[in-house]
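# coordinates only, sequence not included:
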């Protein structure tokens with residue numbers, strides 16, 4: 001399972017996020033999505049921890065906590081939704 005971390009400061013790095021979550025257990029992975037065009041962070045991240053108990057402890061401690069000037073939103077990540085095949089205007093020639 002994975003933890004969703006929202007309302008992150010755009011200055012937060014993977015190392016910063018790892019350090020905060022490491023206080024609640026062993027961090028297996030941090031994914032900090034970036035904008036395709038600018039390469040800048042998108043303001044949210046996903047954190048995977050070694051156990052469900054560690055994830056629960058981190059969520060309970062950090063949800064609503066102020067960090068780097070922002071109030072974090074921390075909860076269990078929902079499974080990624082399947083999206084349609086994308087655009088294409090259906091133009092016919």
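Perfect, I can see it now. The model shown is predicted, which means the values in this text are computed figures rather than measured ones.

# any idea of the mean pLDDT in the longest helix along the chain?
Secondary structure of the chain per DSSP state H: the longest helix is helix 52-62. Predicted confidence along helix 52-62 averages 97 (mean pLDDT).

# Over to stretch 8-16?
For stretch 8-16, the mean confidence score works out to 96.

# do stretch 67-82 as well
Per-residue pLDDT values across stretch 67-82 average out to 91.

# Could you list the buried residues of stretch 22-33?
Judged by neighbour count (16 or more other CB atoms under 10 Å), stretch 22-33 contains these buried residues: 24-25, 27, 30, 32. (Glycine included, C-beta is placed from N, CA and C.)

# got it, and stretch 58-72?
For stretch 58-72, the neighbour count (16+ other CB under 10 Å) marks 58-59, 62, 67, 70, 72 as buried.

# from those, which single one is nearest residue 36?
Distances from residue 36 to those, taken as CB to CB, are shortest for residue 70 (23.1 Å).

# so who does that closest one touch?
Listed by CB atoms under 8 Å, 6 or more residues apart in numbering, the contact partners of residue 70 are 7-9.

# Among the residues you listed, which one is most surrounded by other residues?
residue 8 (20 neighbours; other CB atoms under 10 Å).

# Spatially, what comes nearest to that one if we skip its sequence neighbours?
Among residues not flanking residue 8 along the chain, residue 43 sits closest, at 5.3 Å (CB to CB, 6 or more residues apart in numbering).

# List the contacts of the residue most central in space within the chain.
The residue at the geometric middle of the chain, judged as the C-alpha nearest the mean C-alpha position with CA atoms, centre = their mean, is residue 45 (1.9 Å). By CB under 8 Å, 6+ apart, the contact list for residue 45 reads 4-5, 8, 12, 14, 17, 30-33.

# could those residues be laid out in a markdown table, adding secondary structure?
Listed next are these as a markdown table, based on DSSP: H, G, I helix; E, B strand; the rest coil:
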| residue | secondary structure |
| --- | --- |
| 4 | strand |
| 5 | strand |
| 8 | coil |
| 12 | coil |
| 14 | helix |
| 17 | helix |
| 30 | strand |
| 31 | strand |
| 32 | coil |
| 33 | coil |
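
# Could you find which two of these are furthest from each other?
4 and 14 (15.3 Å).
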